[in-house]
Structures are given as structure tokens and as C-alpha cells.
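> please work out how this folds:
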Amino acid sequence: MSNQQTRPGKDLELKIHDGIVGVIIVLSILLGMYVHFYWFWLAGATGLIMVSSSFTGFCPVHFVLGKIMSPKE
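Next up is the predicted model:
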């Protein structure tokens with residue numbers, strides 16, 4: 001089975017996506033621990049978006065990256 005069949009999109013785009021989402025989660029947890037506990041809501045919202053995107057197929061970060069990194073025609 002080829003890589004394109006198991007993972008949609010380009011590998012670089014997926015790596016950037018995972019990096020952005022990971023930074024959002026880690027940053028919100030650190031801010032929640034050291035600044036104010038309301039920052040934990042950002043990590044929770046990010047997690048909910050990740051879960052909903054597994055059912056709907058829509059992720060805002062992936063959508064924006066697709067628009068930015070689309071090949072020039």
C-alpha cells in the first residue's frame with residue numbers, strides 16, 4: 001500500500017499541521033499552568049476540533065495550509 005492511500009495530503013503539509021496543533025496544545029497547557037487556568041480551554045477546544053475533524057473531514061488548520069501550500073498552476 002502506498003503512502004498516498006493511507007495519508008491524504010502531502011507529507012510536508014501534514015508535518016506542518018501536526019507541528020502547529022502540537023504547539024497550540026503544549027502552549028495552552030503551559031499558559032494554563034503558569035498564567036491562568038482559562039488557557040486550558042484552548043487545549044480542550046483544539047482537542048474537540050481534532051475529534052470532530054475525524055468525523056467531518058474538515059480541520060481549519062489543514063484547510064488554511066491547503067490554501068497556502070497549494071501547487072501553482
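> the host helix or strand of Phe55: which residues count as buried?
Here Phe55, judged by DSSP states H and E, is contained in helix 40-56. Of the residues in helix 40-56, Leu42, Ala43, Thr46, Ile49 count as buried by neighbour count, 16 or more other CB atoms under 10 Å. For the C-beta atoms, the positions are set from N, CA and C on the backbone; glycine is no exception.
> ok, so of those residues, who is nearest Gly22?
Using CB to CB, Thr46 comes nearest to Gly22 of those, at 9.6 Å.
> burial count for Ser28?
When neighbours are defined as other CB atoms under 10 Å, Ser28 has 20 of them.
> residues in contact with it?
The neighbours of Ser28, taking CB atoms under 8 Å, 6 or more residues apart in numbering as the test, are Trp39, Phe40, Trp41, Leu42, Ala43, Thr46.
> then Leu12?
Neighbouring residues of Leu12 by CB under 8 Å, 6+ apart: Met69.
> and the closest residue to Cys59 other than its chain neighbours, what's its pLDDT?
Residue nearest to Cys59 in three dimensions, not counting chain neighbours: Ser53, with 4.0 Å by CB to CB, 6 or more residues apart in numbering. Ser53 is assigned 92 on the pLDDT scale.
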